[in-house]
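A.B. asks: Got a sequence here, can you model it:
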Amino acid sequence: MRLRNPFLAAVLLILPAALAAQAPAPPLPAPTVVLPEPSDDAAPLKIINSQNAAAFKELIAVEMQPLFREGQLEIEAANRLQIPLQYGETWNKASSGPKSNVLNGSLLRSGVKVGDEFLFGNLKSLESEDDPKLLAQKVLWNIYSVWASGRAFNSKFDFHWFKETAKPFRSLRGEFARVYPALLGEPKHAAQLFRELIRFTTPAFLNDLSWLTFRFLGPDEDVLWVFSPAVKKLRQLTATNRSDSILRSAVSPEDFLVWSGKPETVQAQVESSVVALAPFPRSNVPAMRAGNCLNVDRAAAVGNRSAVRWNFESSRFPQGAGWVPSTSIFVPRAMWRIEFSSQDPFSVYGRQVMYVDQELMLPLYKFVYDRSGRLWKTVIGSYGLAGTDDVDARLPYPAYSIIVDNIKHETFIMDFSYVSICSTVTTELNLSNFDPKRFSDTAKISSPPAAPTSSPQLPTEEIDER
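C.D. replies: Sure, this is the predicted structure:
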């Protein structure tokens, strides 16, 4: 039949394509490789290394494959985790159904709370979003929704430094904490998404070397301060300095929790959906409730033998590098592959590629390219879920992050040995501990009376023991 109305003919031609664009994405194909079932004991599962990585290529993120070919990365893999990863029925119900389509930090300032659910809904809620740029922004905001569920977060971490050696040639210790003022009953701070403190504690000459960040909603830039215990001074820097390396390492404040960027300042889009292997703790560490806090002590859970979590102590993987995790298993997870770039022309970061778990909405891998286009950093993150048997809710916490400097051939581990997640303010987690004035008080207490001296002062961040 011939249509005489050319407008109607055009509509009939376009309509099927439009309907196809709005239809939910088809399910991802199941991997063809076979992985074993997880086991209760520490018996080896499927070992993937340089010799057989090609057979598992379809399950390895393309940017991760060079680490296998070079013989650095050797892992154990299974087809699933024994314990399902769930935030709880309350979170799941709140995150289902249609959500707001407004991507604006000002919306959050007006009273929409981040931290009670996925702000833009779970995977099923996002299936109808066919704009890859909007989808990417929604996923980035969902990441912050997950971390904000903890309200107040404090942790202790070991910072191991490898440079072409089987064992770390330097180990430091520090603390990483974050609070969400508006969620802790501080409405006058509704413009702030969070306050964040990175602080080193050992060795002694680094004690209290700190990075303090105020993250604001909307177009307002981050405010960053750095406190130097060497010169007893606090410097205010710019939001750009969040991407600067700390202690001459390849790690920056933006790399904590794999990705700690500001959604409003990046141009992002979802490039694809993939199924790839991702690391998780082999066994869940039980959390202990103390008042309104959940505490996870990973070091105590293994008899204070936290070092055996890494290959440089356990020698579990004879072919792998010392920084390979030895108490993790890699399992297939559905992820979004997101590419984004900073709108800050002064940032040292160029293009970034990030893989985000579609169920947990947590970043598992991040690949940072420098301004010349070279692959600079590979960031690998692993997480656990904290909860008790009497409560349905489970709260995420970082188990570790691995940062590989592909240019300088150095690797860094941030191993979180202790985590405390609180729903209310505590002695250690209150806004006064995230106030720049605290460093002024520290300088007054620790500084001796003014007197002429000829001893040189150490630079703020350029400390190197080599």
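A.B. asks: which residues of the chain fall in helices?
C.D. replies: Under the criterion DSSP state H, the chain contains helices at 6-22, 65-69, 89-95, 105-109, 123-126, 132-148, 298-301, 311-314, 437-446.
A.B. asks: Tell me the predicted confidence for the nearest residue to residue 164 once chain neighbours are set aside.
C.D. replies: Nearest non-adjacent residue to residue 164, counting by Cβ to Cβ, 6 or more residues apart in numbering: residue 409, 5.9 Å away. Every C-beta, even on glycine, is put in place using the N, C-alpha and C of the backbone. Looking at residue 409, its pLDDT stands at 95.
A.B. asks: does residue 409 really touch residue 165, like I thought?
C.D. replies: No. With contacts counted by Cβ atoms under 8 Å, residue 409 stays clear of residue 165, the gap being 10.7 Å.
A.B. asks: Number of residues surrounding the residue nearest to residue 182 when sequence neighbours are not counted?
C.D. replies: Distance criterion Cβ to Cβ, 6+ apart; nearest residue to residue 182, sequence neighbours excluded, is residue 190 at 4.7 Å. Other residues near residue 190 come to 16 when the count uses other Cβ atoms under 10 Å.
A.B. asks: Repeat that for residue 79.
C.D. replies: 15.
A.B. asks: Likewise for residue 423?
C.D. replies: When neighbours are counted by other Cβ under 10 Å, residue 423 registers 16.
A.B. asks: do residue 199 as well
C.D. replies: Counted with other Cβ under 10 Å, the neighbours of residue 199 add up to 17.
A.B. asks: Thought residue 174 was touching it, still the case?
C.D. replies: Yes. Under the criterion of Cβ under 8 Å, residue 199 makes contact with residue 174 at 5.9 Å.
A.B. asks: So the closest residue to residue 364 other than its chain neighbours versus residue 358, what's the distance?
C.D. replies: Closest residue to residue 364 apart from its sequence neighbours, by Cβ to Cβ, 6+ apart: residue 278 at 4.5 Å. Here residue 278 is placed at a distance of 11 Å from residue 358 (Cβ to Cβ, to the nearest Å).
A.B. asks: the more surrounded of these two?
C.D. replies: Under the criterion of other Cβ under 10 Å, the comparison of residue 278 against residue 358 puts residue 278 first, with 26 against 18.
A.B. asks: low-scoring stretches of the stretch 101-250 of the chain, by residue?
C.D. replies: 103-112 (pLDDT under 70).
A.B. asks: hmm, try it at 80
C.D. replies: Residues of the stretch 101-250 of the chain that meet the criterion pLDDT under 80 lie in 101-113, 164-165.
A.B. asks: re earlier: residues touching the residue nearest to residue 364, list them.
C.D. replies: Going by Cβ atoms under 8 Å, 6 or more residues apart in numbering, residue 278 touches 330-333, 335, 355, 357, 364-365, 382.
A.B. asks: Report the beta-bridge partners for it.
C.D. replies: residue 331 (DSSP bridges).
A.B. asks: What pLDDT does the model give it?
C.D. replies: 98.
A.B. asks: Same check on residue 258?
C.D. replies: Each residue has a pLDDT score; the one for residue 258 is 98.
A.B. asks: hang on, the earlier thing: from the structure, what's the count of residues near the residue nearest to residue 164?
C.D. replies: Residue 409 is flanked by 11 other residues according to other Cβ under 10 Å.
A.B. asks: any idea how far residue 351 is from it?
C.D. replies: Remark: distance between residue 409 and residue 351 (Cβ to Cβ) = 21 Å.
A.B. asks: what are the ranges of the strands in the stretch 51-200 of the chain?
C.D. replies: Secondary structure of the stretch 51-200 of the chain (DSSP state E, counting those that start in this stretch): strands at 75-77, 152-163, 170-179, 192-202.
A.B. asks: helices or strands up against the longest one?
C.D. replies: Secondary-structure packing of strand 152-163 (3 or more Cβ pairs under 8 Å, 6 or more residues apart in numbering; DSSP states H and E): strand 170-179, strand 395-405, strand 410-422.
A.B. asks: Out of those, the one nearest residue 217 is which?
C.D. replies: The closest of the helices and strands packed on strand 152-163 to residue 217 is strand 170-179. By Cβ to Cβ, the value is 15.0 Å.
A.B. asks: got the contact list for the closest one?
C.D. replies: With contacts defined as Cβ under 8 Å, 6+ apart, strand 170-179 is touched by 147, 151-161, 194-203, 206, 247, 256, 414, 416, 425, 428-431, 433-434, 465.
A.B. asks: Okay, buried residues for it please.
C.D. replies: 170, 172-179 (16 or more other Cβ atoms under 10 Å).
A.B. asks: Then stretch 382-395?
C.D. replies: Buried-residue list, stretch 382-395, by 16+ other Cβ under 10 Å: 382-387, 393-395.
A.B. asks: same deal with stretch 71-85?
C.D. replies: Neighbour-count burial for stretch 71-85 flags 72-78, 85 (criterion: 16+ other Cβ under 10 Å).
A.B. asks: Endpoints of it, how far apart?
C.D. replies: By Cα to Cα, to the nearest Å, the extent of stretch 71-85 from end to end equals 30 Å.
A.B. asks: Same check on stretch 208-220?
C.D. replies: Stretch 208-220: ends 28 Å apart by Cα to Cα.
A.B. asks: Format the strands of the stretch 51-200 of the chain as JSON lines; extra columns: distance to residue 345.
C.D. replies: Shown next, in JSON lines, are the strands of the stretch 51-200 of the chain (distance: least, Cβ to Cβ, whole Å):
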{"stretch": "strand 75-77", "distance to residue 345": "38"}
{"stretch": "strand 152-163", "distance to residue 345": "30"}
{"stretch": "strand 170-179", "distance to residue 345": "27"}
{"stretch": "strand 192-202", "distance to residue 345": "23"}
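A.B. asks: Tell me which of the ones you listed sits nearest to residue 117.
C.D. replies: Of all those, strand 192-202 sits nearest to residue 117, with 16.1 Å by Cβ to Cβ.
A.B. asks: Pull up the pairing partners for that closest one, direction included.
C.D. replies: Using DSSP bridges, the strands paired with strand 192-202 in its sheet are strand 170-179 (antiparallel), strand 210-216 (antiparallel).
A.B. asks: Can you pull out the low-pLDDT segments for the stretch 351-466 of the chain?
C.D. replies: When residues are selected by pLDDT under 80, those of the stretch 351-466 of the chain lie in 440-466.
A.B. asks: cutoff 90 now
C.D. replies: Filtered on pLDDT under 90, the stretch 351-466 of the chain yields the residue ranges 387-393, 426-430, 438-466.
A.B. asks: quick revisit: for residue 134, which of the strands of the stretch 51-200 of the chain is the nearest?
C.D. replies: Checking the strands of the stretch 51-200 of the chain against residue 134 by Cβ to Cβ gives strand 192-202 as the closest, at 20.1 Å.
A.B. asks: wait, what's in contact with the closest residue to residue 257 other than its chain neighbours?
C.D. replies: Leaving aside its chain neighbours, residue 257 sits nearest to residue 398 (5.9 Å; criterion: Cβ to Cβ, 6+ apart). For residue 398, the contact set (Cβ under 8 Å, 6+ apart) comprises 155, 257, 381-383, 414, 416, 419.
A.B. asks: Who wins on neighbours among those residues?
C.D. replies: Result: residue 419 is most packed of the contacts of residue 398 (other Cβ under 10 Å), 27 neighbours.
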